[in-house]
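Asker: coords please:
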Amino acid sequence: MTGLQFAPAALALCALAARTLHWRPPEFWAATPAELAAALGLLAPGDAAPGLDRPTLQRLMEHDHGR
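Answerer: Numbering: from 1, shown residues only. Reported below is the predicted structural model:
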């Protein structure tokens, strides 16, 4: 690995997630790098996936309630 070594970087990110997100180690290790970046607000506004629109949400809710 070039640049930063994995262990010190992971430890620093785990500590940051614990302090700012109140994540415990299992939550940190279960998150993907993209999830961690999003939770910390490190993604640019254009990087986030678009949310659901109302018709799509309604269709999903109807499908779920129909089971």
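Asker: Only C-alpha atoms from now on, for both contacts and neighbour counts.
Answerer: OK.
Asker: does Leu52 count as helix, strand or coil?
Answerer: What DSSP: H, G, I helix; E, B strand; the rest coil gives for Leu52 is coil.
Asker: From Pro33, how far off is Leu42?
Answerer: Between Leu42 and Pro33 the distance is 11 Å, computed by C-alpha to C-alpha, to the nearest Å.
Asker: Number of residues surrounding Phe28?
Answerer: Phe28: 21 surrounding residues under other C-alpha atoms under 10 Å.
Asker: can you start the count at 592 instead of 1 from here on
Answerer: In the new count, where the first residue is 592, that last one comes out as Phe619.
Asker: what about the spatially most central residue of the chain, which SS state?
Answerer: The chain has Glu626 as the residue nearest its centroid, 2.0 Å off, counting by C-alpha atoms, centre = their mean. Three-state call for Glu626 (three-state DSSP): helix.
Asker: Roughly how far does it sit from Glu653?
Answerer: Glu626 sits 28 Å away from Glu653, taking C-alpha to C-alpha as the criterion.
Asker: Show me which helix runs longest in the chain.
Answerer: Counting residues, the longest helix found in the chain (DSSP state H) is helix 597-612.
Asker: Which strands or helices does that one pack on?
Answerer: helix 616-621 (3 or more C-alpha pairs under 8 Å, 6 or more residues apart in numbering; DSSP states H and E).
Asker: I'd like the mean pLDDT over the helix it packs on, please.
Answerer: Across helix 616-621, the average pLDDT comes to 95.
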